[in-house]
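A.B. asks: just to be clear, the model below is a prediction. Sequence and coordinates:
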Amino acid sequence: MIFDFTIVPNFYPQHFFQNVVRREIGELFLSVIIRDFAISMVGIFVPVYFYTLGFSLLKITLYYALIYTLYLFLIPVGAHIASRRGFEHSILYSIPFLILQLLLLFLLPKWPFIFYLLPLVVVIYKSLYWPAYHADFAHYTKEGQRGREVSTLQVLSSILTVIGPIAGGFIIGVFGFKILFIVVSIILFASAVPLFTTKEQFIPDDFYYKHAFRRLFRKENRSSFFGFIGTAEFLVQEAFWPIFIFLVVESYLSLGAITSIATFVGVGSLLYFGHLADKKDRFRLIQIFTWPLSILYFVRIFAKTAFDVLLVNIFAAFVRPGTDVPIISIVYKKGRDIGHHLRYVVFYEMSLIIGKMIISWLLVIIFLFREDIIIPFILAGLFTLLYLFIRKPLKVDRNTIKSW
């Protein structure tokens with residue numbers, strides 16, 4: 001059986017996404033869309049939640065530094081579980097920890113010591129979810145339309161996540177964080193259901209902890225390693241940009257609305273770059289769109305009004321897929337070339353974890369002397385330029401394949 005997107009009239013033209021998607025991808029699509037909708041209702045509000053509780057920028061940054069330091073050492077464990085139990089089962093195991101994170105966030109004002117327990121819960125969730133998700137998606141996508149499949153998932157997710165931030169901001173404003181956490185938890189449970197409408201076809205494999213670290217420092221992986229470190233910039237987008245917007249608009253609903261509008265506008269960009277990632281040189285796209293993405297971080301510093309931050313968000317929604325979609329497509333293709341999707345996915349994840357760990361600890365040190373919300377944007381603009389290290393390899397020979 002198949003999951004056919006061509007039956008949806010006037011949404012995704014048949015010439016744009018010519019081939020049908022296998023049922024397994026359809027199930028993953030549906031699960032991810034439901035999950036992303038739930039997270040969109042609460043995700044952008046988490047750093048603002050810390051800030052409104054009185055946490056300093058230093059302490060908020062320390063939270064993320066602890067997460068990515070722990071994550072580096074636990075992600076190979078999550079990958080091992082996925083390799084033995086199955087990708088979809090690993091995704092299922094991650095959901096209770098994501099819900100536990102929401103519960104702990106709610107209890108944080110009453111029991112402040114929870115702040116130091118939260119990073120461990122978040123890391124367990126990430127370790128179980130992200131290697132399994134990427135490996136599952138990479139396993140079922142097809143070369144020749146992989147970019148469109150990546151962007152299609154993001155587009156379908158965006159359709160629901162357009163209303164997520166507005167809905168989350170409204171619920172917080174009217175009912176408070178407690179009700180929002182309950183609603184999001186219920187939706188997260190529902191996200192697991194599509195994964196098990198059919199039995200997962202899975203052959204257990206080996207994944208060795210020490211080998212995951214060795215692959216990071218091999219000479220043939222050096223360029224990709226430094227390039228993937230550039231994804232550290234997204235930590236600033238995730239953690240500090242929402243706080244910056246909140247300081248400008250001073251409203252949860254306005255913060256949600258600005259995020260939702262930009263998400264809606266960016267749908268067309270996702271479609272376009274999904275097509276380009278299949279038809280053009282993915283590496284060339286990264287080289288081109290790295291520059292405006294980097295410059296945009298410096299432009300953010302000068303945003304002073306709600307209209308300013310809305311324009312920045314809209315521009316980012318157009319530009320970001322120019323790097324994101326090609327990078328993910330490259331990761332999935334390289335996993336196929338070497339015959340080990342999970343191993344290459346973990347190499348990619350560990351590289352970006354190191355990047356986020358570096359930028360977060362740098363900010364911790366800087367904030368010890370001076371807390372200024374614009375400093376993260378300067379660092380993010382510089383880290384983004386590391387994407388330029390992602391270049392087309394000369395060849396993938398047998399020795400390279402064996403080394404994985």
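C.D. replies: Thanks, I have it.
A.B. asks: got a list of what the residue nearest the centre of the chain touches?
C.D. replies: The structure's the chain has its C-alpha centroid closest to residue 234; by CA atoms, centre = their mean the separation is 8.2 Å. Contacts of residue 234 were listed using CB atoms under 8 Å, 6 or more residues apart in numbering, and they are residue 356. No exception for glycine: its C-beta is placed from N, CA and C like everyone else's.
A.B. asks: same thing but 10 Å
C.D. replies: Shown in contact with residue 234 (CB atoms under 10 Å, 6 or more residues apart in numbering): 241, 320, 324, 352, 355, 356, 359, 380, 383, 384.
A.B. asks: just for the stretch 1-150 of the chain, where's the confidence low?
C.D. replies: Counting by pLDDT under 70, the ranges of the stretch 1-150 of the chain that qualify are 1-26, 140-150.
A.B. asks: make that the stretch 151-300 of the chain, sorry
C.D. replies: In the stretch 151-300 of the chain the weaker segments, taking pLDDT under 70 as the threshold, are 151-161, 198-204, 270-271, 274-275, 277.
A.B. asks: so residue 30 touches residue 195, yeah?
C.D. replies: Yes - here residue 30 lies in contact with residue 195, judged by CB atoms under 10 Å, at a distance of 8.6 Å.
A.B. asks: show me where the stretch 151-300 of the chain has helices.
C.D. replies: In the stretch 151-300 of the chain, the helices defined using DSSP state H, counting those that start in this stretch lie at 164-174, 177-191, 209-216, 222-229, 233-239, 241-249, 252-265, 267-279, 282-300.
A.B. asks: so for residue 133, which of these sits nearest?
C.D. replies: helix 177-191 (11.5 Å; CB to CB).
A.B. asks: mind listing what's buried in that closest one?
C.D. replies: Buried residues in helix 177-191, counted by 16 or more other CB atoms under 10 Å: 177, 180, 181, 183, 184, 185, 188, 191.
A.B. asks: which elements pack onto that helix?
C.D. replies: Using 3 or more CB pairs under 10 Å, 6 or more residues apart in numbering; DSSP states H and E, the elements in contact with helix 177-191 are helix 23-42, helix 45-52, helix 87-107, helix 164-174.
A.B. asks: who are the packing partners of the longest one?
C.D. replies: Contact analysis of helix 87-107 by 3+ CB pairs under 10 Å, 6+ apart lists helix 23-42, helix 45-52, helix 57-85, helix 118-140, helix 177-191 as its packing neighbours.
A.B. asks: helices or strands up against the longest one?
C.D. replies: Translated: helix 57-85. Other helices and strands packing on helix 57-85, by 3+ CB pairs under 10 Å, 6+ apart, are helix 45-52, helix 87-107, helix 118-140, helix 209-216, helix 233-239, helix 341-369, helix 375-384.
A.B. asks: what number of residues lie near residue 217?
C.D. replies: 9 (other CB atoms under 10 Å).
A.B. asks: from residue 80, how far out is it?
C.D. replies: Noted for residue 217: a distance of 20 Å to residue 80, by CB to CB, to the nearest Å.
A.B. asks: repeat that for residue 137.
C.D. replies: Applying CB to CB to residue 137 and residue 80 gives a distance of 19 Å.
A.B. asks: what do you get for residue 383?
C.D. replies: Noted for residue 383: a distance of 29 Å to residue 80, by CB to CB.
A.B. asks: okay, now residue 338: neighbour count?
C.D. replies: Neighbourhood size, residue 338 [other CB under 10 Å]: 17.
A.B. asks: from residue 347, how far out is it?
C.D. replies: With CB to CB as the criterion, residue 338 and residue 347 are 10 Å apart.
A.B. asks: do the same with residue 253
C.D. replies: 41 Å.
A.B. asks: equivalent analysis for residue 44, please.
C.D. replies: The gap separating residue 44 from residue 347 is 29 Å, by CB to CB.
A.B. asks: and the two? which has more neighbours close in?
C.D. replies: More crowded of residue 44 and residue 347, by other CB under 10 Å: residue 44, with 27 against 23.
A.B. asks: got the contact list for the residue lying closest to the more buried one once chain neighbours are set aside?
C.D. replies: Residue nearest to residue 44 in three dimensions, not counting chain neighbours: residue 242, with 4.6 Å by CB to CB, 6 or more residues apart in numbering. Contacts for residue 242 (CB under 10 Å, 6+ apart) come out as 43-49, 51, 165, 255-256, 258-259.
A.B. asks: so can I have CSV of those residues showing distance to residue 63?
C.D. replies: Listed next are these as CSV, based on distance: CB to CB, whole Å:
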residue, distance to residue 63
43, 14
44, 16
45, 15
46, 9
47, 9
48, 13
49, 11
51, 11
165, 21
255, 19
256, 22
258, 24
259, 21
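A.B. asks: can you tell me which of those residues is nearest residue 229?
C.D. replies: residue 47 (22.0 Å).
A.B. asks: measure the spatially closest residue to the closest one that is not a sequence neighbour to residue 358 for me?
C.D. replies: Excluding the flanking residues, the one nearest residue 47 by CB to CB, 6+ apart is residue 239, at 4.9 Å. Shown here: residue 239 relative to residue 358, a distance of 14 Å by CB to CB.
A.B. asks: looking at the two, which is more packed in?
C.D. replies: residue 239 (22 against 17).
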